[in-house]
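*Asks:* Provided below are the primary sequence and the corresponding predicted coordinates.
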Amino acid sequence: MEDNSVNIYKLNTERSPLRTEIRNDLEQNMQKFSDPVILGELIFKLLEERENTNRILKNILAKLENIQSGTAAAPGGEPLLPEVDEKIMEFVRERGKISAEDVRQHFSYKGKNAACARLNRLYELNLLGKKQVGKKVFFFPM
């Protein structure tokens, strides 16, 4: 059997002008990269770009979560809320300020956890303000 092991990917031994130019550029850049100031600048730029990318991804993720949880904004800019949250918002507007215990009693929840979760969600949507007084947390309309 004949040995036809000719490497077709072997670099061309001839020096083309383009190849020489690329090699020279690489050698110059490698000399620049040995300078710690240049490396520091590159790392700083990389960190800035990473922060920007993370910020963009965070915004995309928040919008995706809003879509998935059904809190898409209405044409007026207000988020669309489930009926229970709308009733809680009415209750807060009527009373001025409420606690999770008030919501638990008014809406007949068994425990305060469900009331706390709903109120905190409305707070995160910037629909309610929140203030802790001693051990009690009060929510009020914005």
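*Replies:* Sure, I can see it. Numbers count the residues shown, from 1 in each chain.
*Asks:* name the element the residue nearest the centre of the chain belongs to?
*Replies:* The chain has K58 as the residue nearest its centroid, 1.1 Å off, counting by Cα atoms, centre = their mean. Using DSSP states H and E, K58 falls within helix 36-69.
*Asks:* Give the other helices and strands that that helix contacts.
*Replies:* Helices and strands touching helix 36-69, by 3 or more Cβ pairs under 8 Å, 6 or more residues apart in numbering; DSSP states H and E, are helix 17-33. All C-beta atoms are positioned from the backbone trio N, CA, C, and that covers glycine.
*Asks:* for this protein, which spans come out with low pLDDT?
*Replies:* 1-15, 69-79 (pLDDT under 70).
*Asks:* mind running it again at 80?
*Replies:* Scanning the chain with the threshold set as pLDDT under 80 gives 1-16, 66-80.
*Asks:* Distance check, the residue nearest to the centre of the chain against Y123.
*Replies:* K58 sits at a distance of 19 Å from Y123 (criterion: Cβ to Cβ, to the nearest Å).
*Asks:* before we move on, what about G134?
*Replies:* 18 Å.
*Asks:* and these two? which has more neighbours close in?
*Replies:* Taking neighbours as other Cβ atoms under 10 Å, G134 and Y123 compare with Y123 leading, 15 against 5.
*Asks:* Just list the residues touching that one, thanks.
*Replies:* Going by Cβ atoms under 8 Å, 6 or more residues apart in numbering, Y123 touches G129, K130, F139.
*Asks:* Just the closest of the residues you listed to E51, please.
*Replies:* Taking Cβ to Cβ as the measure, E51 lies nearest K130 of those, at 28.5 Å.
*Asks:* what bridges to the closest one?
*Replies:* With DSSP bridges as the criterion, K130 is bridged to F139.
*Asks:* Could you double-check that it lies in contact with P141?
*Replies:* No: at 11.4 Å, K130 does not count as touching P141 under the criterion of Cβ atoms under 8 Å.
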